[in-house]
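# below: sequence and its predicted model.
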Amino acid sequence: MFHLHWNGSYWGSGPIDPWRGSQVHRICAIVQNPMHIDVFTLRWNNQLIHNVWDGSKWGAGEALGELALVEISACRRTSTTMELFGKDLEGQCWQRTWNGSAWEEWKSVEGRPYRTMSSIALSPQRFDVVGITISPTMTWHYYWNV
């Protein structure tokens, strides 16, 4: 798994996770600023890893386990808060919040089981999840005002 970056003149690249990149089957990245990137990866064993680019190097990564997830999506509400969403093996959507200093516990998102989903933060006070349900096949939209 590699990080490609454009410096205005040419593309550069470097490994994020040179020894285990082939074990990744899902990836999601969000940006805080040009010198801070949060990358979330799901490995084939459903282990969720969070890694941070600090502008010069990648961190060691942290496991955000406890759930067997098969899909992930993330959004940043402010420079210090993030929302992470995951879909488990049964299609249930889960949410985890970075509050600026620590990860809060996983919370189940009420609703129908999802086939796929995506998230976006429209403002510091609002974030949305759009998903396609498993049965019946429908598009659903959930939003939170915090």
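The structure has been received and is ready for your questions. Here the structure is a predicted model, which means the values were calculated and not measured. Numbering: from 1, shown residues only.

# who are the contact partners of Val129?
By C-beta atoms under 8 Å, 6 or more residues apart in numbering, the residues touching Val129 are Ser73, Phe85, Cys93, Val109, Met117, Ser118, Ser119, His141, Tyr142, Tyr143. In short, each C-beta sits where N, CA and C put it, glycine included.

# 7 Å instead?
Contacts for Val129 were tallied using C-beta atoms under 7 Å, 6 or more residues apart in numbering; they are Phe85, Cys93, Val109, Met117, Ser119, Tyr142.

# am I right that the last one sits in a helix?
Read that as Tyr142. No. Residue state for Tyr142 (DSSP: H, G, I helix; E, B strand; the rest coil) corresponds to strand; a helix is not indicated.

# what's the spacing between it and Tyr114?
From Tyr142 across to Tyr114, the span is 10 Å (C-beta to C-beta, to the nearest Å).

# between those two, which one's more packed in?
Tyr114 (22 against 17; other C-beta atoms under 10 Å).

# next, give phi and psi for the spatially closest residue to the more buried one that is not a sequence neighbour.
Spatial nearest neighbour of Tyr114, chain neighbours left out: Gly131 (4.1 Å); criterion: C-beta to C-beta, 6 or more residues apart in numbering. Main-chain torsions, Gly131, degrees, to the nearest 10: phi -150, psi 160.

# can you check Val39 too?
phi -120, psi 130.

# for burial, what's the neighbour tally of it?
Val39 sits with 22 neighbouring residues when counted by other C-beta under 10 Å.

# circling back: the residue nearest to Tyr114 contacts Thr116, doesn't it?
Yes. Gly131 is within contact range of Thr116, at 6.5 Å (criterion: C-beta atoms under 7 Å).

# looking at those two now, which is surrounded by more residues?
Between Gly131 and Thr116, counted using other C-beta under 10 Å, the more crowded position is Gly131 (26 against 14).

# what residues are up against the more buried one?
Counting by C-beta under 7 Å, 6+ apart, Gly131 has contacts Cys93, Tyr114, Thr116, Met117, Trp140.

# repeat that for Gln23.
Applying C-beta under 7 Å, 6+ apart to Gln23 gives the contacts Arg43, Trp44.

# residues in contact with the residue lying closest to Asn99 once chain neighbours are set aside?
Spatial nearest neighbour of Asn99, chain neighbours left out: Thr81 (6.2 Å); criterion: C-beta to C-beta, 6+ apart. Contact partners of Thr81, counting by C-beta under 7 Å, 6+ apart, are Thr97, Trp98, Asn99, Gly100.
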